[in-house]
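Asker: Structure, please.
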Amino acid sequence: MKEISVQELKQKIDNKEDFQLIDVRETFEYETSNLDGLNIPLGGILIEADKIATDKPVIVQCRSGKRSAAAIMQLEQAHGFDNLYNLKGGILAWQEAFDPNMPVY
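Answerer: Coordinates of the predicted model:
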């Protein structure tokens, strides 16, 4: 599975690169704090796969990286995606590296 660090993600954001960010946490988690990605909770990821880009890199994130890894495995197996990257450490790593005041749980 391809991974990307929070430092690499921040660089992509700062450089205004063309990519899609998918947050697979539950809606209440997303509402607590998010990185402006599209919220598709893990339980619905296969049902809503049509919302996920196939023509550019897609970074999948969650709280720590475990649910996003599960989402990527499901999407790759069921739909053949080959442009997915797991955000290593999830939003917890982002908070630690860039935003210590970000509310996380």
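
Asker: Same question for the strand or helix carrying residue 78: list its buried residues.
Answerer: According to DSSP states H and E, residue 78 maps onto helix 66-79. Neighbour-count burial for helix 66-79 flags 67-72, 74-75 (criterion: 16 or more other C-beta atoms under 10 Å). Yep, even glycine has a C-beta here, placed from its N, CA and C like the rest.

Asker: for that helix, packing partners?
Answerer: The contact analysis (3 or more C-beta pairs under 8 Å, 6 or more residues apart in numbering; DSSP states H and E) places helix 66-79 against strand 58-61, strand 84-87.

Asker: CA atoms only for that helix - export them in PDB, please.
Answerer: This file holds the C-alpha atoms of helix 66-79, laid out as PDB (Å, rounded to 0.1, in the frame of the first residue of the first chain):
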ATOM      1  CA  LYS A  66      -5.800   2.100  10.300                       C
ATOM      2  CA  ARG A  67      -9.300   2.800   8.900                       C
ATOM      3  CA  SER A  68      -7.900   4.600   5.900                       C
ATOM      4  CA  ALA A  69      -5.700   1.500   5.200                       C
ATOM      5  CA  ALA A  70      -8.800  -0.700   5.400                       C
ATOM      6  CA  ALA A  71     -10.700   1.600   3.100                       C
ATOM      7  CA  ILE A  72      -7.900   1.500   0.500                       C
ATOM      8  CA  MET A  73      -7.800  -2.300   0.600                       C
ATOM      9  CA  GLN A  74     -11.500  -2.500   0.100                       C
ATOM     10  CA  LEU A  75     -11.400   0.000  -2.800                       C
ATOM     11  CA  GLU A  76      -8.500  -1.600  -4.500                       C
ATOM     12  CA  GLN A  77     -10.000  -5.100  -4.300                       C
ATOM     13  CA  ALA A  78     -13.600  -4.200  -5.200                       C
ATOM     14  CA  HIS A  79     -13.000  -1.400  -7.700                       C
END
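
Asker: Thank you kindly, that will do.
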